[in-house]
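Q: Take a look and give me a structure for this.
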Amino acid sequence: MREPGADIEHFGLLAEFDSADRLLQAARRLRDAGYRRLDAHTPYPLEELSEVLDLKSNAVAWFTIAGGVVGAAFGYGMQLYTNWDFPLDIGGRPLVAWQPFMLITFETCVLFAVTTSVLAMLLLNRLPRLHHPVFSAPHFERASLDRFFLIVFAHDEQFDTDGTDRFLRSLSPLSVTLVEQTEEPE
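A: Numbering: from 1, shown residues only. As a prediction, the model looks like this:
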């Protein structure tokens, strides 16, 4: 007997809907039934969808803050090192005066924060990804036009190919497709 959530042959089940309301209703019903590993593909952003799918990840924000702190420390440290290693006495100014250091410190803070933010977003979204298993699903190209897709991932604890398929079909989608686990083309 297979353990729940251990279906490695399949990527998941993909349900196709013709309206945003039906997609949101189906996502709510799946969440109420205990499914947690869900994702949706829509032609335009739906504000309610992130609540329904419980998407609360703020990892990129933490990476951005960390990058900004490291950048500010680097900028300030670089100026301290330069002034101590190559001292210039200009008008009796102290070697370490924090006020003139703030411009470079701010600039390196912003540079590191933005760079870290972009890299974290790419890594956490596993981009660039040239192939995804749902790309081979029938009609999926309409996800950017007029169709709404909801996928239940096979690694969900509640996932059972037949049971999940029956449950999805009870939500009256246009179609339900079993998405196979595929390797990325080389």
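
Q: Pull the number of nearby residues for residue 109.
A: Residues lying near residue 109 (other Cβ atoms under 10 Å) number 21. No exception for glycine: its C-beta is placed from N, CA and C like everyone else's.

Q: Before we move on, what's the pLDDT of the nearest residue to it once chain neighbours are set aside?
A: Using Cβ to Cβ, 6 or more residues apart in numbering and skipping the chain neighbours, the partner closest in space to residue 109 is residue 72 (3.9 Å). Listed pLDDT for residue 72 reads 98.

Q: Now do residue 72: how many residues are near it, please.
A: 20.

Q: Just the CA atoms of the helix or strand where residue 178 lies, as PDB, please.
A: Using DSSP states H and E, residue 178 sits in strand 175-180. Output of strand 175-180 as PDB, limited to C-alpha atoms (Å, rounded to 0.1, in the frame of the first residue of the first chain):
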ATOM      1  CA  SER A 175     -11.400  19.000 -17.500                       C
ATOM      2  CA  VAL A 176      -9.100  17.200 -15.000                       C
ATOM      3  CA  THR A 177      -5.700  16.000 -16.300                       C
ATOM      4  CA  LEU A 178      -3.200  13.800 -14.600                       C
ATOM      5  CA  VAL A 179       0.100  15.500 -15.000                       C
ATOM      6  CA  GLU A 180       3.100  13.200 -15.200                       C
END
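
Q: Name the strands paired with it and say parallel or antiparallel.
A: Here strand 175-180 is paired, per DSSP bridges, with strand 10-17 (antiparallel).

Q: if we can go back for a sec, list the buried residues of whichever strand or helix holds the residue nearest to residue 109.
A: Residue 72 is located in helix 59-85, with elements delineated by DSSP H and E. Going by neighbour count (16 or more other Cβ atoms under 10 Å), the buried part of helix 59-85 is 60, 63, 64, 67, 68, 71, 72, 74, 75, 76, 79, 83.
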